[in-house]
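Peer 1: Need coordinates for the following:
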Amino acid sequence: MLRSSLVRLRRTGEGEARVVFASEEDLPAFEDVIAHFRQGLRLGEVLESLKPLRRVYDPKLVDGIAFVVMRRVELETPSPVDPRLIRRALFEGGPALDEAEREARLREVSARLGVDAAKYMYSDLDIERVITYVSELRPDELLREYNLAALQGLTLRALRVRVQASSGWREVLRAAKRLGLMYEAHGRPAAVELYGPASLARLTERYGKALARLVPLIVSSKGWRLEAEVMVGRSGRVYRVRAQEGEAPMPSSPRREEVTFDSSVEEELYRKLVSALRGTGAEVLREPEALATEAGDLFIPDFGVRLGDRVVYIEVVGFWTREYLRSKLRKLSSLRAPVLLVVNEKLGPERFAGLGEGVVVYRDSVDVAPVYLWVKSRLLQGAPQATAPARLELEKPYESLEEVASRLGVSVDALRSLEPPRGYVKLRSYFVREELLRALANERLEGARLSQLSSRYGPWVQEALTSMGYSLSWVGLTDAIVRRKAQP
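Peer 2: Numbers count the residues shown, from 1 in each chain. Down below sits the predicted model:
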């Protein structure tokens, strides 16, 4: 994608603009820029040699073409010694107060490291790196890549982006969901409205890149049309910019980047839920069908859980703006299908109070137990389930209930009612051998680090400490100090 500052826009009316895409008339510019990228040259030399072309062609076009070409070259740092070591050796003696001291420092470091310190101290900067490979570049092919990159760059400063397509819009909607984009979808007519990065107060760079990754899929959809509200220039004036299929040459088969879970919370919940429901006959759906509200808006939950012809849905609410939150709550309240919201406590769960029991709150990770109980109450009551064996047999020093349930093909809930095997103790999430618990109890626990205890004994330690009457005083996000609970 191009940097937003390299995207060429032309004003077409009050508050209206269009992208100046490259056309066949611009092929000479592409040919001239490509010719300057040659193996063995420093990137800085190449960029310097392009300056005369900026007087012949549109400077933004030249810079944009070079930006796209640079994605197709391989660079190498020429220094025989890591430049960071050279800089560290030069600067560890403090500032050089005059030219003589500077030259002496350079000679001393050069002799010590066996390298020309002045020549190589900044050789890891891109402009100092040497081109070792240039992929085959056809001007017409690069022109199409440039136009796609320009459209991607446009979205980096967008407040909102509206997408329509005669076919393929469902794939666009699903990809937007998987990329973690905030969206509104309408079925009459079929359209997807995406919140742009400029509408956010934080995470704008990451979010903008995610939105740009959606563009190749958009332009591969038949009959696509895109309308964006874009902030332009330092003043931040907003223009409405439109683009559509056939307006400019685009890659015939744009590279579609694989999109996976955008959130580790979603991925962890999916894994836990699959394990908890194993043996129930229920199937966890990664990409359920879109749900329609009474107003005709569309909504795709993160997960569905299906048993026979019945389906319930789960939506993880992690990073939503206040405006987007209001819109979603309005739509969710008009859905007939059962939807469980798994809500980050930072969003203020009280906003979801009107949705009744269909809300589970999480902080850093989701406790699957209330999610499982919600699914069970709406889907599994009365359904035949695989039963746990009458007696468990364990061999490992400790094993999580999830692991045991997965191995036996039963639900975690079915295991909770069983007595632990002889010689084991059942914690909330683990079976642990008694001798391990005795060894932990014999430790000097007051003031100990949780990370050290967990490394020595296993991940079950935190649950065991709680059951033994200890509390944890957290130090940062990943470690804690063990404290004895105050006696009543």
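
Peer 1: Any idea how many residues pack against the closest residue to Gly64 other than its chain neighbours?
Peer 2: Nearest residue to Gly64, sequence neighbours excluded (CB to CB, 6 or more residues apart in numbering): Leu6, at 4.5 Å. (Glycine included, C-beta is placed from N, CA and C.) Around Leu6 there are 21 other residues, counting by other CB atoms under 10 Å.

Peer 1: Show me where the stretch 51-200 of the chain dips below the pLDDT cut-off.
Peer 2: Within the stretch 51-200 of the chain, the stretches with pLDDT under 70 are 124, 187-189.

Peer 1: Where do the helices of it begin and end?
Peer 2: Along the stretch 51-200 of the chain, counting by DSSP state H, counting those that start in this stretch, helices occupy 53-56, 59-69, 83-91, 99-113, 117-120, 139-155, 169-178.

Peer 1: Output the ones you listed as CSV; include the columns distance to Arg38 and mean neighbour count.
Peer 2: Converted to CSV, the helices of the stretch 51-200 of the chain look like this (distance: least, CB to CB, whole Å; neighbours: other CB atoms under 10 Å):
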stretch, distance to Arg38, mean neighbour count
helix 53-56, 15, 13
helix 59-69, 11, 21
helix 83-91, 23, 16
helix 99-113, 30, 14
helix 117-120, 21, 18
helix 139-155, 16, 22
helix 169-178, 38, 20
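
Peer 1: Redo the ones you listed as CSV? Include distance to Arg449.
Peer 2: Shown next, in CSV, are the helices of the stretch 51-200 of the chain (distance: least, CB to CB, whole Å):
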stretch, distance to Arg449
helix 53-56, 59
helix 59-69, 48
helix 83-91, 32
helix 99-113, 40
helix 117-120, 43
helix 139-155, 46
helix 169-178, 38
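
Peer 1: who's in contact with the residue nearest to Arg170 when sequence neighbours are not counted?
Peer 2: Distances taken as CB to CB, 6+ apart place Ala290 nearest to Arg170, at 7.2 Å, with adjacent residues excluded. Going by CB atoms under 8 Å, 6 or more residues apart in numbering, Ala290 touches 170, 173, 185, 298-300.

Peer 1: Which pair of the residues you listed spans the longest distance?
Peer 2: Maximum pairwise distance in the contacts of Ala290, criterion CB to CB, is 12.9 Å, between Arg170 and Phe299.

Peer 1: returning to that earlier point: for Pro197, find the nearest of the helices of the stretch 51-200 of the chain.
Peer 2: Between Pro197 and the helices of the stretch 51-200 of the chain, the tightest spacing by CB to CB is seen for helix 139-155, at 7.7 Å.

Peer 1: Can you spell out which helices and strands pack onto the closest one?
Peer 2: strand 16-19, helix 27-36, helix 59-69, helix 204-219, strand 225-232, strand 237-244 (3 or more CB pairs under 8 Å, 6 or more residues apart in numbering; DSSP states H and E).

Peer 1: Mind checking the ones you listed for the one nearest to Ser110?
Peer 2: Closest among the helices and strands packed on helix 139-155, using CB to CB: helix 27-36, at 32.3 Å.

Peer 1: Outside of the closest one itself, list whatever touches it.
Peer 2: Counting by CB under 8 Å, 6+ apart, 22, 46, 49-50, 53, 56-58, 61-62, 65-66, 69, 137, 139-140, 142-143, 146 sit against helix 27-36.

Peer 1: hmm, back to that, least confident of the helices and strands packed on helix 139-155, on average?
Peer 2: Confidence, taken as mean pLDDT, is least for helix 204-219 of those (a mean of 87).

Peer 1: In that one, which residues are buried?
Peer 2: Of the residues in helix 204-219, 207-208, 210-219 count as buried by neighbour count, 16 or more other CB atoms under 10 Å.

Peer 1: Ok, stretch 458-474 next?
Peer 2: By 16+ other CB under 10 Å, the buried positions in stretch 458-474 come out as 458, 460-462, 464-465, 470.

Peer 1: For Met1, state which of those is nearest.
Peer 2: Nearest to Met1 among the buried residues of stretch 458-474 is Gln462, at 43.1 Å by CB to CB.

Peer 1: For that closest one, what is the enclosing helix or strand?
Peer 2: Assigned by DSSP states H and E, Gln462 falls within helix 461-467.

Peer 1: That helix: how far from the chain's middle?
Peer 2: In terms of CA atoms, centre = their mean, to the nearest Å, the centre of helix 461-467 is set 33 Å apart from its chain centre.

Peer 1: neighbours of Gly358, just the number please.
Peer 2: Counted by other CB under 10 Å, the residues lying close to Gly358 total 18.

Peer 1: Look up how far Arg286 lies from it.
Peer 2: 20 Å (CB to CB, to the nearest Å).

Peer 1: Just flag the most distant two among the buried residues of stretch 458-474.
Peer 2: Applying CB to CB across the buried residues of stretch 458-474, the maximum distance is between Gly458 and Tyr470, 16.4 Å.

Peer 1: Which parts of the stretch 351-488 of the chain are helices?
Peer 2: Using DSSP H, counting those that start in this stretch, the helices of the stretch 351-488 of the chain run over residues 368-375, 401-408, 412-416, 434-441, 450-457, 461-467.

Peer 1: Buried residues of stretch 223-232, list them for me.
Peer 2: 224-232.

Peer 1: Same list (these) but as a markdown table, adding distance to Gln39.
Peer 2: Output for the buried residues of stretch 223-232, formatted as a markdown table (distance: CB to CB, whole Å):
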| residue | distance to Gln39 |
| --- | --- |
| Trp224 | 38 |
| Arg225 | 42 |
| Leu226 | 38 |
| Glu227 | 43 |
| Ala228 | 39 |
| Glu229 | 43 |
| Val230 | 38 |
| Met231 | 40 |
| Val232 | 38 |
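
Peer 1: Could you identify which of the helices of the stretch 351-488 of the chain has the lowest mean pLDDT?
Peer 2: Looking at those, the lowest mean pLDDT belongs to helix 412-416 (a mean of 73).

Peer 1: From the chain's centroid, how far away is it?
Peer 2: Worked out by CA atoms, centre = their mean, helix 412-416 lies 33 Å from the chain centre.

Peer 1: which helices and strands sit right next to that helix?
Peer 2: Checked by 3+ CB pairs under 8 Å, 6+ apart, helix 412-416 has helix 264-276, helix 368-375, helix 401-408 packed alongside it.

Peer 1: Would you reformat those helices as a markdown table and include mean neighbour count and distance to Ala282?
Peer 2: Putting the helices and strands packed on helix 412-416 into a markdown table (neighbours: other CB atoms under 10 Å; distance: least, CB to CB, whole Å) gives the following:
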| stretch | mean neighbour count | distance to Ala282 |
| --- | --- | --- |
| helix 264-276 | 18 | 9 |
| helix 368-375 | 20 | 7 |
| helix 401-408 | 18 | 13 |
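
Peer 1: Of all the ones you listed, which one is nearest Thr132?
Peer 2: Each of the helices and strands packed on helix 412-416 has some distance to Thr132 by CB to CB; the shortest is helix 264-276, at 36.2 Å.

Peer 1: what's the helix or strand following that closest one packed up against?
Peer 2: Downstream of helix 264-276, the next assigned helix or strand under DSSP H and E is strand 283-285. Packing partners of strand 283-285 (3+ CB pairs under 8 Å, 6+ apart): helix 264-276, strand 303-307.
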